[in-house]
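Peer 1: No letters, just coordinates:
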């Protein structure tokens, strides 16, 4: 199983960026559409819809409506519920004196509540009074309207609840029955001869300026709702929908006539004890003082909404076709994947994704303000999911690339080189390999003098420890000076300065050459200190040679994907190696450093050199101008400062090697 996972990982790593984005987009979109079909994302979409309803600017209360709310005080003062038919008849008679357009009675009066039945019957039969009935459901028979009321003056007051118990939809037609709000609006517009009619070409109902289309199971953010009957999405006007007065206010004459004349009056209970209360988009957990809206106010919202749509003042909510909604989701999934693929720096992603989330939200809210409800949470989920998947893949890929680099370069790369390499890995790494790259670098070879003789005199274990201490010093020093140790050559090293990231400017090439020479001088100083320690412990002393040459090379991977080596090829490598072995008998110091004129031109007169003249190197037909590096031109100044410091401190400790790193 482990091998299977490894093979899958190897195959995934080879996929191109476009392929990763395509596969991620397809996978995430398929999952989201599946979740959408199941309905798992619907609660989030409805929560977002509520937030948008509460966040948009509220309109002014609808002055076409007046609410007569039966309060707790109204019930207490009359010491009974339901109120008697006589009281309700008195209320209707009083309102009629103000000449309302329509009176909607959101009170069940299917059973007589004497006294006053005859008076109430007369009032309910007035042509501008709309009474209610309750259709109920398969389990309940519902509540009928008063038998004395004409059929055209009856509307059902059943409310459709979403799965979370909130009222977000208006049921206009159920079978052959019309809703309470429909009947009120129809009666109100009758004088203006504005009547609804069916479209000849669709399920639309054309009513004034409004074109009503029914909700379906998956409209907007809904996923599989019960769409029986003729439903529309309720567009709440404002939390305070209209002016509200009490029963007592009407009966005692505290109502101004112009509040009623020509207006729609709705009568219903607002007393909490009667429990005619419903959750709405305005009901949210942090607002405990008004968690629900009385039913009469919900019906007022429906009446106001219908009036505005018919007048052309508010658009009826529309919804994209499922194919367009799917394209909307796919687009954001794709954008999330592309963003994660093209930006690997964490701070860029931290900025990008909140910006994209804000953009999705703003677009969704803008469409909502213009009467179009589209999914918001579904594309947001897709955006984040695709981004997370691609980012995880990129992290996995980066880790594999990092392992490739470490396998090639080991742990002998300076922090500066390692950082530069990793920041440029897209240019350097191709299918798990470092492609060949032409660049200008400074090559650095070292070798011990008479190592064979030393090896003959030491036990293998002691020789290994002695040699490792020496090679460890070389490796550490090369790394300190931003070089890399490319390979060990038995008792020496092959190092390079200016790889694997190509130097783009003359200043960078100069710096690489100066780093290499300064590194060689420090190695010489440290070798002197090591010889002193070895002499004290009876270990053999050693001298070494260094060859340095600057020129063009080709750097890249050598071998197969199972066994790779970071190779440096070119005549520059050969010349540096030949400089190290040139004139072996001329060893004027513990560490002999030879360079060619091609390196000298990059040192900018910062080092003391001795001209050895043109020399023939092994395998070369032409001679090479060779120079021995003696030291830095600042050595004398640095030595003077160090001696002064030691004198002032009175220290008897051994002097430290010159630090040529600080001389450049």
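Peer 2: The structure has been received and is ready for your questions. Here the structure is a predicted model, which means the values were calculated and not measured.
Peer 1: is it true that residue 221 lies in a strand?
Peer 2: No: membership of residue 221 in a strand is not supported by DSSP: H, G, I helix; E, B strand; the rest coil, which gives coil.
Peer 1: Apart from its chain neighbours, what residue comes closest to it?
Peer 2: Of all residues not flanking residue 221 in the chain, residue 45 sits nearest, at 2.7 Å (C-beta to C-beta, 6 or more residues apart in numbering). (C-beta placed from N, C-alpha, C; glycine too.)
Peer 1: How many residues are close by the one you found?
Peer 2: Neighbourhood size, residue 45 [other C-beta atoms under 10 Å]: 22.
Peer 1: change the start of the numbering to 46 and stick with it
Peer 2: With the count now opening at 46, the last piece we talked about shows up as residue 90.
Peer 1: what's the nearest residue to residue 311 if we skip its chain neighbours?
Peer 2: residue 149 (4.7 Å).
Peer 1: measure the one you found to residue 246 for me?
Peer 2: 33 Å (C-beta to C-beta, to the nearest Å).
Peer 1: Please say which of the two ends up with more neighbours.
Peer 2: residue 149 (31 against 6).
Peer 1: can you pull the contacts of that one?
Peer 2: 174-175, 177, 200, 225, 228-229, 309-312, 344, 348 (C-beta atoms under 8 Å, 6 or more residues apart in numbering).
Peer 1: in the sheet, who's paired with it?
Peer 2: residue 175, residue 311 (DSSP bridges).
Peer 1: gap between it and residue 164?
Peer 2: Taken as C-beta to C-beta, the span from residue 149 to residue 164 is 19 Å.
Peer 1: Residue 307 too?
Peer 2: Residue 307 is 25 Å from residue 164, by C-beta to C-beta.
Peer 1: Give me the more crowded residue out of these two.
Peer 2: Taking neighbours as other C-beta under 10 Å, residue 307 and residue 164 compare with residue 164 leading, 18 against 13.
Peer 1: what residues does the one helix or strand that one maps to touch?
Peer 2: If you go by DSSP states H and E, residue 164 is part of helix 162-169. Residues from elsewhere that reach helix 162-169, judged by C-beta under 8 Å, 6+ apart: 130-131, 133-135, 137-138, 141, 150, 154, 174, 176, 191, 193-194, 198.
Peer 1: Could you tell me which of those are located in helices?
Peer 2: 130-131, 133-135, 137-138, 141 (DSSP state H).
Peer 1: Got a ChimeraX select line for the buried ones in these?
Peer 2: Buried subset of the ones in helices among the contacts of helix 162-169, written as a ChimeraX selection, criterion 16 or more other C-beta atoms under 10 Å:
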select :130,131,133,134,135,137,141
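Peer 1: List just the nearest of the ones in helices among the contacts of helix 162-169 to residue 436.
Peer 2: The nearest member of the ones in helices among the contacts of helix 162-169 to residue 436, counting by C-beta to C-beta, is residue 133 at 66.2 Å.
Peer 1: Report whether the expected contact of that closest one with residue 153 is present.
Peer 2: No: the pair residue 133 / residue 153 is not scored as a contact, 11.0 Å apart, by C-beta atoms under 8 Å.
Peer 1: ok, for residue 409, nearest residue in space, not its chain neighbours?
Peer 2: In space, residue 409 is closest to residue 421, 3.9 Å off (C-beta to C-beta, 6+ apart).
Peer 1: residues contacting that neighbour?
Peer 2: Listed by C-beta under 8 Å, 6+ apart, the contact set of residue 421 reads 90, 93, 266, 405-406, 409.
Peer 1: Pull out the buried positions in stretch 145-159.
Peer 2: 145-154, 158.
Peer 1: can you redo those as a markdown table with pLDDT and distance to residue 415?
Peer 2: Listed next are these as a markdown table, based on pLDDT from 0 to 100; distance: C-beta to C-beta, whole Å:
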| residue | pLDDT | distance to residue 415 |
| --- | --- | --- |
| 145 | 98 | 34 |
| 146 | 97 | 31 |
| 147 | 98 | 31 |
| 148 | 98 | 35 |
| 149 | 97 | 31 |
| 150 | 97 | 36 |
| 151 | 97 | 32 |
| 152 | 96 | 38 |
| 153 | 95 | 39 |
| 154 | 93 | 42 |
| 158 | 93 | 48 |
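Peer 1: Now flag whichever of those is closest to residue 579.
Peer 2: residue 151 (104.7 Å).
Peer 1: Name the SS class of the residue lying closest to the closest one once chain neighbours are set aside, please.
Peer 2: Leaving aside its chain neighbours, residue 151 sits nearest to residue 313 (3.4 Å; criterion: C-beta to C-beta, 6+ apart). Here residue 313 is recorded as strand under three-state DSSP.
Peer 1: and residue 313, what is it in contact with?
Peer 2: By C-beta under 8 Å, 6+ apart, the neighbours of residue 313 are 112-115, 150-152, 321, 339-342, 344.
Peer 1: Most widely separated two among the contacts of helix 162-169?
Peer 2: The two members of the contacts of helix 162-169 with the most space between them (C-beta to C-beta) are 131 and 198, at 20.9 Å.
Peer 1: Hmm, residue 357 and residue 255 touching each other?
Peer 2: Yes: with contacts counted by C-beta under 8 Å, residue 255 reaches residue 357, the gap being 7.1 Å.
Peer 1: more crowded one of the two?
Peer 2: The neighbour comparison of residue 255 against residue 357 (other C-beta under 10 Å) goes to residue 255, with 23 against 10.
Peer 1: Next, the contact list for that one, please.
Peer 2: 351, 354-355, 357, 361.
Peer 1: so where is the stretch 46-195 of the chain shaky, pLDDT-wise?
Peer 2: The model of the stretch 46-195 of the chain has pLDDT under 70 over residues 46-61.
Peer 1: Can you find which strand in this protein contains the most residues?
Peer 2: The residue-count maximum for a strand in the chain (DSSP state E) belongs to strand 589-604.
Peer 1: relative to strand 589-604, how tilted is the next helix-or-strand element following that one?
Peer 2: The element immediately downstream of strand 589-604 (helix or strand, assigned by DSSP H and E) is strand 609-614. With axes from the mean of the first three to the mean of the last three C-alpha atoms, to 10 degrees as the basis, strand 609-614 and strand 589-604 are set at 120 degrees to each other.
Peer 1: What helices and strands are in contact with strand 609-614?
Peer 2: helix 422-454, strand 528-533, strand 589-604 (3 or more C-beta pairs under 8 Å, 6 or more residues apart in numbering; DSSP states H and E).
Peer 1: Pull out the buried positions in the one helix or strand residue 99 maps to.
Peer 2: Assigned by DSSP H and E, residue 99 belongs to helix 87-100. Going by neighbour count (16+ other C-beta under 10 Å), the buried part of helix 87-100 is 87, 89-95, 97-98.
Peer 1: Pick out whichever of these sits closest to residue 635.
Peer 2: Using C-beta to C-beta, the buried residues of helix 87-100 come closest to residue 635 at residue 89, 74.7 Å.
Peer 1: Provide the partner residues of residue 489 in its beta bridges.
Peer 2: Where residue 489 sits in a bridge, its partners, by DSSP bridges, are residue 540, residue 593.
Peer 1: what about it, neighbour count?
Peer 2: 30.
Peer 1: any idea how far it is from residue 561?
Peer 2: In terms of C-beta to C-beta, residue 489 sits 5 Å off from residue 561.
Peer 1: before we move on, what about residue 326?
Peer 2: From residue 326 to residue 561 the distance is 72 Å (C-beta to C-beta).
Peer 1: Neighbour count for the two, which is higher?
Peer 2: residue 561 (31 against 20).
Peer 1: Within the helices and strands, which one has the closest residue to residue 348 other than its chain neighbours?
Peer 2: Leaving aside its chain neighbours, residue 348 sits nearest to residue 226 (4.8 Å; criterion: C-beta to C-beta, 6+ apart). In this assignment (DSSP H and E), residue 226 forms part of helix 225-234.
Peer 1: So what touches that helix?
Peer 2: Here helix 225-234 makes contact (C-beta under 8 Å, 6+ apart) with 146-147, 149, 151, 173, 175, 177, 197-202, 215, 217-218, 223, 240-241, 253, 309, 311, 344, 347-348, 351-352, 355.
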